[in-house]
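Colleague: Fold the following and give me the result.
(chains A, B, C and D, ligands or ions: 4)
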There are 2 protein chains.
Amino acid sequence: MFSIGELSKRTKVKVPTIRYYEEMGLLVEAERTSGNQRRYDKAGLERLSFIRHARDLGFSIEAIASLIELQDHPDRSCEAATDIAVAQLADVRAKIKRLKLLEKELARISKSCDGQGVSEDCYVLASLADHELCHREH
Amino acid sequence: MFSIGELSKRTKVKVPTIRYYEEMGLLVEAERTSGNQRRYDKAGLERLSFIRHARDLGFSIEAIASLIELQDHPDRSCEAATDIAVAQLADVRAKIKRLKLLEKELARISKSCDGQGVSEDCYVLASLADHELCHREH
DNA sequence: TGTAATGTCTCTAGTGACTAGAGATTCAAG
DNA sequence: CTTGAATCTCTAGTCACTAGAGACATTACA
Ligand SMILES: [Zn+2]
Ligand SMILES: [Zn+2]
Ligand SMILES: [Zn+2]
Ligand SMILES: [Zn+2]
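Modeller: Numbering: from 1, shown residues only, chains lettered A, B, ... in the order given. Ligands and ions are numbered 1, 2, ... in the order given. From the prediction side, this is the model:
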């Protein structure tokens, strides 16, 4: 049994974040000492590691809640887990696609002005004012 | 002179968002009718178009405020504008880099389970539980 | 001119995933 | 037993909006 600070160190999840996850229902309410402080065991550590890893991969709290629900019922079909992972992958790919378009336009815009002129003649400002100057939709 | 709804239609920025931009100081306070409704002219339209385009490119409200400040002083050096654009580009590139790492891991995880088994044996859940199974840092 | 439909006003509160801080209490080390 | 660090709860702030309530203004049409 260890404290929330110890759990925080081991998982690299900040203390207030751990409390937040508990409030959101991702972590079951921890046992308490007689003085009302939270105490955790191996199971608590594993669950928080799971949450942390899923968050690192970009899953939402809601998605993680579904995944944990599934984990708590080992006999259920895992179809939902795959669905969630596939959706997350699609989401990440969509974000990459969009960011690549932004990157192209921003690279063009950034390069177009060396910052040595005055605001009035600045191509950066002109480019932001007029989407027509962009080479593609974004 | 046209209404906020008309401005919204022309710029595709929602009405509450326009009011929000005004509150944030991105838009100067609009003229009002005798009945207290906002009225805009060409200058207001152009400024909102600028904001909208910059937002589409991912600039923060704060960055846009700086860019507008610069735009309002045509004689100033445009160095800050270039700096802001370069920083935004770096930010976008960093995001792409991170998302690509996630994409790799998520693709691997998604493919590893067809969703036909049970939760207990699910490779998706196992992969989320253990970062050691990941091929790289992310 | 009257009326009804639509638009607009301000204000508050909610979103997601935390983060920061106040003030009180508890724990662990010496 | 004292001291200092850790923990507790609670509220509020972050960013860029979005939603909704209830009141008032404008516009179109009869
Ligand atoms: Zn310039
Ligand atoms: Zn553009
Ligand atoms: Zn599976
Ligand atoms: Zn991993």
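Colleague: And the helices in chain A?
Modeller: A:4-11, A:15-23, A:42-56, A:61-71, A:79-111, A:123-129 (DSSP state H).
Colleague: Highest mean neighbour count out of the ones you listed?
Modeller: Burial of the helices of chain A is given as mean neighbour count (mean count of other C-beta atoms under 10 Å in any protein chain shown); helix A:123-129 ranks first at a mean of 22. Any C-beta I mention is one placed from the backbone N, CA and C, and that applies to glycine too.
Colleague: and that helix, C-alpha only, in PDB?
Modeller: Extracted in PDB, the C-alpha atoms of helix A:123-129 (Å, rounded to 0.1, in the frame of the first residue of the first chain):
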ATOM      1  CA  TYR A 123       3.800  39.300 -46.900                       C
ATOM      2  CA  VAL A 124       3.000  37.300 -43.800                       C
ATOM      3  CA  LEU A 125       0.300  39.800 -42.900                       C
ATOM      4  CA  ALA A 126      -1.000  39.900 -46.500                       C
ATOM      5  CA  SER A 127      -1.100  36.200 -46.700                       C
ATOM      6  CA  LEU A 128      -3.200  35.900 -43.500                       C
ATOM      7  CA  ALA A 129      -5.500  38.600 -44.700                       C
END
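Colleague: what's it in contact with?
Modeller: A:105, A:108-110, A:112-113, A:119, A:133-134, B:46, B:49-50, B:53-54, B:57, B:59, B:67, B:70-71, B:78, B:81-82, B:84-85 (C-beta atoms under 8 Å, 6 or more residues apart in numbering or on different chains).
Colleague: Include mean pLDDT when you put the helices of chain A into TSV, please.
Modeller: As requested, these are arranged in TSV below (pLDDT from 0 to 100):
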stretch	mean pLDDT
helix A:4-11	98
helix A:15-23	97
helix A:42-56	98
helix A:61-71	97
helix A:79-111	97
helix A:123-129	97
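Colleague: As JSON lines, the ones you listed with distance to residue B:26 would be great.
Modeller: Formatted as JSON lines, the helices of chain A follow (distance: least, C-beta to C-beta, whole Å):
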{"stretch": "helix A:4-11", "distance to residue B:26": "39"}
{"stretch": "helix A:15-23", "distance to residue B:26": "32"}
{"stretch": "helix A:42-56", "distance to residue B:26": "32"}
{"stretch": "helix A:61-71", "distance to residue B:26": "31"}
{"stretch": "helix A:79-111", "distance to residue B:26": "19"}
{"stretch": "helix A:123-129", "distance to residue B:26": "13"}
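Colleague: and of the ones you listed, who's closest to ligand 2?
Modeller: helix A:79-111 (5.8 Å; C-beta to the ion).
Colleague: So which residue is dead centre in chain A?
Modeller: residue A:58 (3.8 Å; C-alpha atoms, centre = their mean).
Colleague: Now for that one: which residues touch it?
Modeller: Residues in contact with residue A:58 (C-beta under 8 Å, 6+ apart) are A:88, A:91-92, B:102.
Colleague: again, 10 Å this time
Modeller: Listed by C-beta atoms under 10 Å, 6 or more residues apart in numbering or on different chains, the contact partners of residue A:58 are A:88-89, A:91-92, A:95, B:98-99, B:102-103, B:105-106, B:138.
Colleague: pLDDT at it, what is it?
Modeller: Residue-level confidence at residue A:58 comes out at 97, pLDDT.
Colleague: Apart from its chain neighbours, what residue comes closest to the residue in chain A positioned nearest to ligand 2?
Modeller: Closest contact between chain A and ligand 2, by C-beta to the ion, is at residue A:134 (3.1 Å). Excluding its sequence neighbours, the residue lying closest to residue A:134 (C-beta to C-beta, 6 or more residues apart in numbering or on different chains) is residue A:105, at 5.3 Å.
Colleague: right, and the one you found touches residue A:130 too?
Modeller: No. The pair residue A:105 / residue A:130 is not scored as a contact, 12.0 Å apart, by C-beta atoms under 10 Å.
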